[in-house]
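Asker: sequence unavailable; structure follows:
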């Protein structure tokens, strides 16, 4: 009878276990285990190590641990097998327990622990483990070094990485391409491009990964040309190479190059695009708004049965939304749901809906988002703001403060823009308090928005206070915001002083800064200074004037009575004047009774905008001022025949949290009787003080008594009367009006401010008027 050789049986069973492991058949493995016991081979360490390896790789860790504990003799391979099993599963506590029990730890044991910590994202622990390994004089292998360098790269540990580099040299591991690639990656990600290039240039052997690191490095630093040069020098390219180029082009605005590279990859390479390739290509299509090409890429994604959930689905949604195919984006969202929708895709969708003027579907998607971070909330608020739905934006912000994430500086800046649009000082102050509580009050963007909000809400003192608090971090935007605020409030000299300070500190003004400067000059009649700054903008700062600058120069000259010079200025403009330019000239013609030029300005304005009611009204009023009642009637008839609707003058005032709106001869307000009674009393009182109604401000051919009654019931006067009966004494009144305040109202409000002892701030279509003690901040120049 032939007795089988135990060593041959052990080898046979070990080979059998390796075959079973390929099919991951746990039951068959256990049958082999039973045969081992039955055959009396339980003392064979080689076979038991293979069994333990089988259990650990099959996911049966309990069986692996039980076998390990039962083994009469354990080799270093036995320890390392169990150690590796725990490490790969992220069970580092169990791995540490085994590691500490290993009698003679060698390089594999240490490397296993380092790799385990690195995989778990415990990069500092991985580095500390490497430090212990070196202290215990265990020589690292190439695998140890690549893993610890990956940990250094992950935390950008430029203080530790070079020390690891020294061990690479010391232990002669520089010849391994994987090690030098890890060094390249570490220096590149840790922010040392010079050392990255030195190592790359010294490499005797390079693989695709070596070149890929350099391409990524160049793209990361915006050196697109160098990245292209490296790409063209490569003999073999993998999918990472192509993705690095396509993504790099896309991220740096070379979207057409990104798409050309994508096309070259499909044509010249046998490689198939992965999700990163498709995401970058679709992003390039979105930026270029190339809907047709985006659809072709979508078709390829479908034909290759590529998963359209996650990043690729989001890229498709963004591409369609940005390229004018919102309906296609909506279909993808409807089919795949919002569970995978990211913020970029949502904001793209939102932007698409905003362009269509339909914000409701965006809100429905926002409400269905599973993880709504601060970016999503901010995007939704901005969407409401862009669509003019400021009340909805305010309600959403309240919901965010109550139930959502903490607002950031972008959220708060957007909300201050909302308050600016609503001209709501109360809401603005409340959100300012929220900014302070959120620790965002020191943000430059928040403070810039705050300055604008306070200025537009009529509180120039608060705007000044905010500006004074950011003296250490002022930039061109901060100074421009303050210059614009001062100009709006008629504080032209202060605005120009600030501009001179800005120049003295070396901050370069931009075209918006000069809009504020020229506006300041126009509001206070500083003609010569305006000319000088206009020439400085063109000749010294080399800023090409825009239509805004041209319109302001026309306004500056026209307000000062230089109507002919204003017209000559328009005549010499290198670009076609717009509505605002001709409108400024027309307003000046009306103020200075220049019928001839006024007629030209109105005609040219109406050629650009035939339905502009302001042009008809201004020309009719100009004729009326000059006593040309028949001509005025003809213009009004033209307006009526052309069905051009005149913009009605309205004024509004916020009392507590409610906005009260008034029109001329308003009959709708529930307190109209009290308002009219108050206005009648005010009218009599200010007339006793010396006020004389300016019946010339009534451009209708009616009796003087009728004109006076019409003047008494102008919208801003009714708003002031209501505010006086609705607020405590000495409260500042803030009145807003959609049109320019008329001469009579301007004169009357000066008297009312003295009569009531109140400061009355009126914002009309062009500026703010601060009335106090019978005087106006504009000094009657508006």
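Answerer: Received the coordinates, thanks. What you are looking at is a predicted structure, and each value in this text was computed from that prediction instead of being measured.

Asker: any buried residues in stretch 756-776, and which?
Answerer: 756, 758, 760-764, 766-772, 776 (16 or more other C-beta atoms under 10 Å). Yep, even glycine has a C-beta here, placed from its N, CA and C like the rest.

Asker: mind checking the pLDDT average for it?
Answerer: Across stretch 756-776, the average pLDDT comes to 93.

Asker: related to what we said a few turns ago, among the buried residues of stretch 756-776, which lie within helices?
Answerer: residue 756 (DSSP state H).

Asker: farthest-separated two in the buried residues of stretch 756-776?
Answerer: With distances taken as C-beta to C-beta, the most widely separated pair in the buried residues of stretch 756-776 is 756 and 766, at 24.9 Å.

Asker: need the strands for the stretch 201-350 of the chain, in chain order.
Answerer: Ranges of strands within the stretch 201-350 of the chain: none, based on DSSP state E, counting those that start in this stretch.

Asker: what ranges do the helices span in it?
Answerer: For the stretch 201-350 of the chain, the helices defined by DSSP state H, counting those that start in this stretch occupy 208-220, 224-233, 239-251, 255-268, 275-288, 291-303, 311-322, 326-336, 343-356.

Asker: most tightly packed of those helices?
Answerer: helix 311-322 (a mean of 26; mean count of other C-beta atoms under 10 Å).

Asker: measure residue 691 to residue 204 for me?
Answerer: According to C-beta to C-beta, to the nearest Å, residue 691 and residue 204 sit 95 Å apart.

Asker: compare these two (neighbour count), which wins?
Answerer: residue 691 (20 against 8; other C-beta atoms under 10 Å).

Asker: so what's the more buried one up against?
Answerer: With contact taken as C-beta atoms under 8 Å, 6 or more residues apart in numbering, residue 691 is in contact with 747, 748, 751.

Asker: please repeat the previous calculation with a cut-off of 10 Å.
Answerer: 682, 683, 684, 685, 744, 747, 748, 750, 751, 752, 754, 755 (C-beta atoms under 10 Å, 6 or more residues apart in numbering).

Asker: how about those in TSV, adding neighbour count?
Answerer: Listed next are these as TSV, based on neighbours: other C-beta atoms under 10 Å:
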residue	neighbour count
682	21
683	22
684	10
685	14
744	23
747	18
748	27
750	21
751	20
752	26
754	17
755	17
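
Asker: and those residues, which is the shakiest by pLDDT?
Answerer: residue 744 (92).

Asker: quick one, what contacts the closest residue to residue 255 other than its chain neighbours?
Answerer: With sequence-adjacent residues excluded and distances taken as C-beta to C-beta, 6 or more residues apart in numbering, residue 255 is closest to residue 284, at 3.9 Å. For residue 284, the contacting residues are 246-247, 249-251, 253-262, 290, 293-294, 297, 319, by C-beta under 10 Å, 6+ apart.

Asker: what ranges do the helices span in the stretch 651-782 of the chain?
Answerer: So, for the stretch 651-782 of the chain - with DSSP H, counting those that start in this stretch - the helices run 672-688, 704-712, 715-726, 743-756.

Asker: residue 108: which element?
Answerer: helix 107-119 (DSSP states H and E).

Asker: does anything pack onto the helix or strand following that helix? Which helices or strands?
Answerer: Next in sequence after helix 107-119, counting helices and strands by DSSP H and E, comes helix 123-135. Packing contacts for helix 123-135, counted by 3 or more C-beta pairs under 10 Å, 6 or more residues apart in numbering; DSSP states H and E, involve helix 92-101, helix 107-119, helix 142-154, helix 161-170.

Asker: what sits up against helix 123-135?
Answerer: With C-beta under 10 Å, 6+ apart, helix 123-135 has contacts from 92, 96, 99, 105, 107, 109-120, 122, 138-140, 144-145, 147-155, 157, 160-161, 163-164, 167, 170.
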